[in-house]
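In: only the shape, not the letters, is given here:
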């Protein structure tokens, strides 16, 4: 039986009218009980495809429609969103838009949908307890949903849909704000749903996980289905990157080394190890110098100091318990850790949005307790995790100009800075568009441009790669490096270990409000056990290198390819 059928389906949003078709003659079938991944660049139509399966497109967004979508035997154009909600559940790309705001605790929020469906109380309790445990958020049951971190909020949104037990579940980038352990839990939950016969469609940028778990992968670009097949078929396409999608690390390493058994690249760790073969143990000193990597930048005076910092949102519940940390400019520093470890809280302590209850935070030698956030804004620029918390103007140019104007710059100079910042993120041609006409990825870039225009000596990016496709991640990476080269301190909170490995010379690990590791990124990733203790994991490149027998800690595809060639050449 077909769970989802798109029949020559086209769709255009009502505004703005110049964007063309969001979905362009899409024909696609998903079998009942199948796990299908959807990949593609930003603006490819992935979220629109997801929303069309639940009838939000076109019933909520309106717009022009051609063709039809049949979900669980029901034509979405002839059924209401409420009726479809009993058959298919959608987890939105931005979890903050999914929480009802009508409930005061996580437990009540998960139960809210069940209440609306009239599920008996005892059954309701069983379902809520089950999904909270499955997603690892049972300890948050009595917390206010809006007091959660971004990653915790994302797990809550997933729990709300899973509790409804629809026959079809559509997840729009459900792991984008989750730590590696949380991502594993979401994929485990998706696989458990499939085992129960539930159809799962997942829009996702984490191609390594899709390659391992999905039955099929759909590649979208410019509203059209470019390819649909097994993960090996889709990720082996020679034109994949031209469609804004990167290959899984394992496939990219094999491609560089010219290994493609049967014309297909290996797309999982096990396949890559089997195809590439182990290497003899070599002394790390025999490998090229590039494989030993840079050390953390140091300098005589720290741009940021946290000295014995303690902080808690509620009495008796401390987020930080005596954190001491010094960050020196210039440099690019990654801050990693599990959801709820205090990473975003630390960022807000730096720009004065929060004040320590004990200890001192110094920025450029200034005690943040003695300065307003407005004054500190000239020193520390913070890009929020959720761009909707940052954007409030109705014109993109005005949004990016807001910061420079509030620093006292003349309007002409503020506009010049804003246009330069928009040019840097590739949105200068959209300067007069409403920021809310854009998707999550572009709104995130607008938030980044707003801070770039302020030209602060300290820049803090909170999850800058959320919603970004391969090109967007590369753009953010280049911005981080350019800012560090300009002499800034760039502090970046992220859950993307591959991004950390290839971008940052220093990494700080937070765990339950404490710094558990701090040093050169290569040294931090050299201890898998310590990473696991902080609910983190090695980058995929590092993991593959170890599985192949390389003794050194490799951080990039270039390093692994070079090291593997050397090892093979020097093998007896």
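Out: Everything's here; your move. Values in this document were obtained by computation on a predicted structure and should not be read as measured data. Numbers count the residues shown, from 1 in each chain.
In: tell me the domain boundaries of the chain?
Out: 2-245, 302-540 (automatic domain parsing).
In: got those as a markdown table, with distance to residue 566 columns?
Out: Quick note: C-beta positions are derived from backbone N, CA and C, even for glycine. Formatted as a markdown table, those follow (distance: least, CB to CB, whole Å):
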| stretch | distance to residue 566 |
| --- | --- |
| domain 2-245 | 25 |
| domain 302-540 | 18 |
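In: possible to save those domains as a markdown table with mean neighbour count?
Out: Converted to a markdown table, the domains of the chain look like this (neighbours: other CB atoms under 10 Å):
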| stretch | mean neighbour count |
| --- | --- |
| domain 2-245 | 19 |
| domain 302-540 | 20 |
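In: now the helices for the stretch 451-572 of the chain?
Out: 470-485, 497-503, 521-524, 528-533, 540-548, 557-570 (DSSP state H, counting those that start in this stretch).
In: tell me the helices and strands packed up against the longest one.
Out: Going back to what we said before, that points to helix 470-485. strand 331-337, helix 440-452, strand 458-462, strand 489-493, helix 497-503 (3 or more CB pairs under 8 Å, 6 or more residues apart in numbering; DSSP states H and E).
In: of the ones you listed, which is nearest residue 424?
Out: For the helices and strands packed on helix 470-485, the distance to residue 424 is smallest for helix 440-452, at 6.0 Å, taking CB to CB.
In: helices or strands next to the closest one in the packing?
Out: strand 380-383, helix 396-406, helix 411-424, strand 458-462, helix 470-485.
In: could you point out which of those sits nearest residue 64?
Out: Short answer: helix 396-406, nearest of those by CB to CB, at 25.2 Å.
In: now do that closest one and helix 440-452, the angle between them.
Out: 30 degrees (axes from the mean of the first three to the mean of the last three CA atoms, to 10 degrees).
In: average pLDDT for helix 396-406?
Out: The average pLDDT within helix 396-406 is 96.
In: I'd say residue 384 and residue 390 touch.
Out: Yes - Residue 384 lies in contact with residue 390 (CB atoms under 8 Å); the separation is 4.3 Å.
In: residues shared between the contacts of the two?
Out: Counting by CB atoms under 8 Å, 6 or more residues apart in numbering, the common neighbours of residue 384 and residue 390 are residue 447.
In: what distance separates stretch 526-540 from the centre of its chain?
Out: 18 Å (CA atoms, centre = their mean, to the nearest Å).
In: residues making contact with it?
Out: Outside stretch 526-540, the residues that reach it (CB under 8 Å, 6+ apart) are 179-182, 208, 248-250, 269, 336-338, 341, 497-498, 500-502, 509-511, 516-517, 524-525, 543, 546, 553, 555.
In: same deal with stretch 432-441?
Out: 15-16, 42-43, 47, 93-94, 387, 391, 393-397, 399, 430, 443, 446, 466-469, 472.
In: got the helices of the stretch 451-572 of the chain as CSV, with distance to residue 150 and mean pLDDT columns?
Out: Shown next, in CSV, are those (distance: least, CB to CB, whole Å; pLDDT from 0 to 100):
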stretch, distance to residue 150, mean pLDDT
helix 470-485, 17, 95
helix 497-503, 16, 96
helix 521-524, 23, 95
helix 528-533, 21, 90
helix 540-548, 23, 95
helix 557-570, 29, 88
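In: tell me which of the ones you listed approaches residue 421 most closely.
Out: Short answer: helix 470-485, nearest of the helices of the stretch 451-572 of the chain by CB to CB, at 10.0 Å.
In: okay, and for the protein, where does confidence drop off?
Out: 17-18, 281-301, 570-572 (pLDDT under 70).
In: residue 147 against residue 313, yeah?
Out: Yes - with contact defined as CB under 8 Å, residue 147 counts as touching residue 313 (6.8 Å).
In: ranges for the strands of the stretch 151-300 of the chain?
Out: 168-172, 199-203, 216-221, 224-229 (DSSP state E, counting those that start in this stretch).
In: next one: the third one to chain centre, how far?
Out: Just to be clear, that refers to strand 216-221. Per CA atoms, centre = their mean, the centroid offset for strand 216-221 relative to its chain is 19 Å.
In: which outside residues touch that strand?
Out: Contacts of strand 216-221 (CB under 8 Å, 6+ apart): 28, 34-41, 44-46, 49, 210-211, 225-231, 233-235, 237, 240, 243-245.
In: what does the first one give?
Out: When contacts are defined by CB under 8 Å, 6+ apart, strand 168-172 is touched by residues 3-4, 46-47, 50, 53-54, 71-72, 87-93, 158, 161-162, 186, 190, 193, 198-204.
In: for the residue nearest the centre of the chain, which non-adjacent residue is spatially closest?
Out: By CA atoms, centre = their mean, the chain has its centre lying nearest to residue 176, at 3.0 Å. Spatial nearest neighbour of residue 176, chain neighbours left out: residue 466 (4.9 Å); criterion: CB to CB, 6 or more residues apart in numbering.
In: what sits against residue 458?
Out: Contacts of residue 458 by CB under 8 Å, 6+ apart are 303, 304, 329, 350, 363, 364, 379, 380, 381, 488, 489, 491.
In: I'd like those residues laid out as JSON lines, including distance to residue 437.
Out: Putting the contacts of residue 458 into JSON lines (distance: CB to CB, whole Å) gives the following:
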{"residue": "303", "distance to residue 437": "37"}
{"residue": "304", "distance to residue 437": "36"}
{"residue": "329", "distance to residue 437": "36"}
{"residue": "350", "distance to residue 437": "32"}
{"residue": "363", "distance to residue 437": "35"}
{"residue": "364", "distance to residue 437": "37"}
{"residue": "379", "distance to residue 437": "32"}
{"residue": "380", "distance to residue 437": "29"}
{"residue": "381", "distance to residue 437": "24"}
{"residue": "488", "distance to residue 437": "31"}
{"residue": "489", "distance to residue 437": "33"}
{"residue": "491", "distance to residue 437": "30"}
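In: looking at those, spot the one nearest residue 136.
Out: Using CB to CB, these come closest to residue 136 at residue 491, 27.0 Å.
In: spatially nearest residue to that closest one (excluding sequence neighbours)?
Out: Using CB to CB, 6+ apart, the nearest residue to residue 491 is residue 460, at 4.7 Å.
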